[in-house]
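Novice: need a structure here:
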Amino acid sequence: MTVDHPEPTDDLLLQAWRDGDKVAGQRLVERHYQAVARFFLHKLGPQTDDLVQATFLGLIEGIERFRSEGSFRAFLFAIARNKLLKQLRNTTRDRARFDAGETSLAGLDPSPTHLLVAQAESKLLLNALRHLPIDSQIMLELHYWERMAIADIAVVFDMKVNTVKARMRRARIALDEHMQALAATPQELEATRSGLSGWAQRLRNELELR
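Specialist: As a prediction, the model looks like this:
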C-alpha cells in the first residue's frame with residue numbers, strides 16, 4: 001500500500017533551498033510560477049515573460065532577506081509589484097508624475113486590446129479594475145484572485161493592516177462606480193455586481209496560462 005506524503009509547505013521548501021537544496025528551490029518556483037505570470041498578464045498583456053523571469057531572479061537575489069513577518073507568497077508578490085511599477089514608470093511619458101496610488105492602467109493605455117475574455121461580465125470587471133489606481137487594482141486582485149489574506153497584502157505593500165483595509169474599502173466603492181459607468185446595460189452591471197466573487201474565480205481560470 002502506498003502512502004501519500006503531504007506536499008511540503010512553502011516554508012519547508014524555502015528553508016531547504018536556503019540550505020542548498022536546488023530541487024526544493026525549483027519546486028517553489030514551479031508552485032508559484034502561474035500566479036506570478038497571471039499577475040502580469042492582465043496588466044500588460046501576454047508579452048510579459050521578461051518580467052516573470054525578472055521577478056524570480058529578484059527572488060533568488062533577495063531570498064536571504066526574507067523574514068517570517070509575512071508569507072513567502074507575500075514576499076514574492078512584493079517583488080512582482082516592484083518589477084511592475086518599475087516597468088510602468090520606465091515606459092510612461094511623464095515619469096515624475098507616475099504614482100501607483102493615483103495612476104491607472106486605463107490612464108496609461110486607454111485601449112485594453114489584450115482583454116481577451118469571452119464573457120461580457122468578465123470584460124466589464126476587468127475593464128473597471130483597469131480604471132482603478134494601480135495599487136488599488138493590485139490589492140483587489142490579490143484578495144479575490146489569489147485569495148491572499150489582508151495581513152499578507154499589507155506585507156506586499158509595506159503598510160499597516162488597517163491602512164490596507166481602508167484602501168480596499170475605497171477600492172471596492174470605486175470599482176462599482178467604474179462598472180456603473182462602463183456597463184453597456186443595467187443587466188450586465190447587475191450580473192457582475194451579484195457575482196463578483198464568482199467572476200473573479202472565473203477570470204482567474206480564464207487568465208491561467210496553459
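
Novice: Find the nearest non-adjacent residue to residue 82, please.
Specialist: Distances taken as CB to CB, 6 or more residues apart in numbering put residue 58 closest to residue 82, at 7.5 Å, once the chain neighbours are dropped. All C-beta spots, glycine's among them, are computed from the backbone N, C-alpha and C.

Novice: Now do the contacts for that neighbour.
Specialist: Applying CB atoms under 8 Å, 6 or more residues apart in numbering, we find residue 58 in contact with 79, 82, 83.

Novice: Contact partners for the last one?
Specialist: Shown here is residue 83, whose contacts under the criterion CB under 8 Å, 6+ apart are 51, 54, 55, 58.

Novice: okay, and for the protein, where does confidence drop off?
Specialist: Applying pLDDT under 70 to the chain flags residues 1-5, 111-121, 195-210.

Novice: Which ones among the contacts of residue 83 lie within helices?
Specialist: Those of the contacts of residue 83 mapping onto helices are 51, 54, 55, 58, per DSSP state H.

Novice: Can you tell me which of these is nearest residue 95?
Specialist: Of all the ones in helices among the contacts of residue 83, the one with the least separation from residue 95 (CB to CB) is residue 51, at 17.9 Å.

Novice: thought that closest one was touching residue 41?
Specialist: No. Contact criterion CB atoms under 8 Å: residue 51 and residue 41 do not qualify, at 10.0 Å.

Novice: returning to what we had before: could the ones in helices among the contacts of residue 83 be laid out in JSON lines, adding distance to residue 24?
Specialist: Putting those into JSON lines (distance: CB to CB, whole Å) gives the following:
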{"residue": "51", "distance to residue 24": "24"}
{"residue": "54", "distance to residue 24": "22"}
{"residue": "55", "distance to residue 24": "19"}
{"residue": "58", "distance to residue 24": "19"}
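
Novice: Which one (most neighbours) among those?
Specialist: When neighbours are taken as other CB atoms under 10 Å, the top entry among the ones in helices among the contacts of residue 83 is residue 55 (25 neighbours).

Novice: Just to check, that residue is in contact with residue 79?
Specialist: Yes. Using CB under 8 Å, residue 55 is in contact with residue 79, at 5.3 Å.

Novice: Just the buried residues of stretch 145-163, please?
Specialist: The neighbour-count check on stretch 145-163 (16 or more other CB atoms under 10 Å) flags 145, 146, 148, 152, 153, 154, 155, 156, 157, 159 as buried.

Novice: Mind checking which of these land in helices?
Specialist: Among those, DSSP H puts 152, 153, 154, 155, 156, 157 in helices.

Novice: The second one: what's it in contact with?
Specialist: Residues in contact with residue 153 (CB under 8 Å, 6+ apart) are 74, 139, 142, 143, 164, 168.

Novice: Just send the residues you listed back as CSV, with neighbour count too.
Specialist: Below are the contacts of residue 153 laid out as CSV (neighbours: other CB atoms under 10 Å):
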residue, neighbour count
74, 20
139, 25
142, 25
143, 19
164, 21
168, 17
